[in-house]
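In: Give the three-dimensional model of this entry:
(chains A, B, C and D)
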Number of protein chains: 2
Amino acid sequence: MSAMTSSVVDRRAGLLEAADRVVRREGSAATMNVIAAEAGITKPILYRHFGDKGGLYRALAARHIEDLLARLREALLTHGGLAARTRATVDAYLASIEEQPQIYRFLVQRAAVEEPAVRGDVEGFVRRFGDELAEGIRNEPALSGISEARAVVWAHGIAGMVQGAGDWWLDHPEVPRATVVEELTALLVAGFGSA
Amino acid sequence: MSAMTSSVVDRRAGLLEAADRVVRREGSAATMNVIAAEAGITKPILYRHFGDKGGLYRALAARHIEDLLARLREALLTHGGLAARTRATVDAYLASIEEQPQIYRFLVQRAAVEEPAVRGDVEGFVRRFGDELAEGIRNEPALSGISEARAVVWAHGIAGMVQGAGDWWLDHPEVPRATVVEELTALLVAGFGSA
DNA sequence: GCTATGGTGTTACCGGCGGTAACACGGTGT
DNA sequence: ACACCGTGTTACCGCCGGTAACACCATAGC
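Out: Below is the predicted model of the structure:
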């Protein structure tokens, strides 16, 4: 019942692709009706595939979250020391939101806020970013022996910091990305020294 | 046409009080109908007073935002040096969200996200927190001569950090507030050293 | 051939939301 | 007596998320 290329899984992917276009184009006005129309169908089909709006949001968020976390994970493995890793990670985050601001807003706002059920499943995104960061911090050679409490509080604090600065930066495009990256990196790397 | 104690201004305050109770009790299910019912009236009156849902949200958010920013402003003036000021500010923020988590969620989520028109008026809240922080950083004796870019990026980054850590902490009440405060303060104070 | 079955698609509806029009009541000034 | 104005109501609109019911069209089995 698989082996074939097409069928249900491709259909789902196609629908998600349509939903993605709508979110990218219309932002928060991405209603179920519009998404269905964009896909050239009507609502009930959408509901058959995703259950409810939360299900579609979950599916939609999952793709981007995995992509983004992969980028961040890779940045966390950058060679060259703690400062280089920090800079690469912050820059990866800001580069991502710069490339697709609408998707980013969808991830941190719609997906995590509007549909509370998503919190347990996709779990925010900033939250998962924080979890990944915590792991990175625990494994950081320069921070060996860091207490668990410190690792986890720092991680979620840093996740919020990058997100907050990124949010602000989206409304202040006159500031170069490199500036934001350098200032945050300086603050964080010096802060890590306290460990 | 003023001088009298009662009339329209008291009425507004009473309605806001009712809205406040609903938000505190029902959280995100604070619909216009139930707010009206809580106030003992019906919808149109609410609309006559506040224009639309965004107007009510703005009015509702404004009170708490001013209260909260006053607390933070006071903390920013704590005597005893940079570390003491940082600790007091972080603690003031976390204490506030601990006291009224529903109101806090309303401020950072509903008011700032759901009603985009609020962004220009009440302007987020985390955003205004960031603005206040930037001013505090510029005036910080220990950070005199800091560049404008650094002050503003740090400010909004720190605002996001405290908010992000606070968000996470709301879901992990087993961690004492003092722990969160101390870990964030340690990171920040050491980071400030890089200026 | 003719019928079951299952997936794709539709139309048409439901309850509830934000928002508004239209009207009813009661005090006040002239 | 009358117009006026603020407070309040009922009843409605359009749109959203969500669902029931039915139509179409392949393939599979006899």
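
In: Count the neighbours of the residue of chain A found nearest DNA strand D for me.
Out: Closest approach between chain A and DNA strand D, counting by CB to the nearest atom of the strand: residue A:53, at 3.0 Å. For the C-beta atoms, the positions are set from N, CA and C on the backbone; glycine is no exception. Per other CB atoms under 10 Å in any protein chain shown, the neighbour tally for residue A:53 reads 18.

In: same question, residue A:179
Out: Neighbour number of residue A:179 under other CB under 10 Å is 15.

In: Check the gap between it and residue B:150 for me.
Out: In this view, residue A:179 and residue B:150 are 9 Å apart by CB to CB, to the nearest Å.

In: follow-up on the earlier one: does the residue of chain A closest to DNA strand D touch residue A:32 like I think?
Out: Yes - contact criterion CB atoms under 8 Å: residue A:53 and residue A:32 qualify, at 6.0 Å.

In: joint contacts of the two?
Out: Shared contacts of residue A:53 and residue A:32, defined by CB atoms under 8 Å, 6 or more residues apart in numbering or on different chains, are absent.

In: Contacts for stretch A:63-70 next, please.
Out: Counting by CB under 8 Å, 6+ apart, A:16, A:20, A:93, A:96, A:100, A:103, A:107, A:122, A:125, A:128-129, A:132 sit against stretch A:63-70.

In: Mind checking which of the residues you listed are in helices?
Out: Using DSSP state H, the subset of the contacts of stretch A:63-70 located in helices is A:16, A:20, A:93, A:96, A:103, A:128-129, A:132.

In: Tell me the buried residues within those.
Out: Buried subset of the ones in helices among the contacts of stretch A:63-70 (neighbour count, 16 or more other CB atoms under 10 Å in any protein chain shown): A:16, A:20, A:93, A:96, A:103, A:128-129, A:132.

In: what's the angle between the strand or helix carrying residue A:186 and helix B:177-192?
Out: Taking DSSP states H and E as the criterion, the element that holds residue A:186 is helix A:177-192. With axes from the mean of the first three to the mean of the last three CA atoms, to 10 degrees as the basis, helix A:177-192 and helix B:177-192 are set at 120 degrees to each other.

In: what is the mean pLDDT for helix A:177-192?
Out: Per-residue pLDDT over helix A:177-192 has a mean of 97.

In: is chain B contacted by that helix?
Out: Yes - against chain B, helix A:177-192 shows contacts by CB under 8 Å from any CB of the partner chain at A:179-180, A:183-184, A:186-192.

In: Do any residues in stretch A:150-170 lie close to chain B?
Out: Yes - applying CB under 8 Å from any CB, one finds stretch A:150-170 touching chain B at A:150, A:153-154, A:156-165, A:167-169.

In: In contact with residue A:101: list those residues for me.
Out: Residue A:101 is in contact with residue A:170, counting by CB under 8 Å, 6+ apart.

In: May I have stretch A:28-39 as PDB, with CA atoms only?
Out: As requested, the backbone C-alpha atoms of stretch A:28-39 are provided in PDB (Å, rounded to 0.1, in the frame of the first residue of the first chain):
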ATOM      1  CA  SER A  28      -2.400  36.200   9.500                       C
ATOM      2  CA  ALA A  29      -5.400  36.300   7.200                       C
ATOM      3  CA  ALA A  30      -4.700  32.700   6.300                       C
ATOM      4  CA  THR A  31      -8.200  31.400   6.800                       C
ATOM      5  CA  MET A  32      -9.300  27.800   6.000                       C
ATOM      6  CA  ASN A  33     -11.400  29.000   3.100                       C
ATOM      7  CA  VAL A  34      -8.600  30.900   1.500                       C
ATOM      8  CA  ILE A  35      -6.200  28.100   1.900                       C
ATOM      9  CA  ALA A  36      -8.700  25.700   0.300                       C
ATOM     10  CA  ALA A  37      -9.300  28.100  -2.500                       C
ATOM     11  CA  GLU A  38      -5.600  28.500  -3.100                       C
ATOM     12  CA  ALA A  39      -5.300  24.700  -3.300                       C
END
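
In: which of the residues in it are buried?
Out: A:30, A:32, A:34-36, A:38-39.

In: swap in stretch A:172-188?
Out: By neighbour count on 16+ other CB under 10 Å, the buried set for stretch A:172-188 is A:175, A:177, A:180-188.
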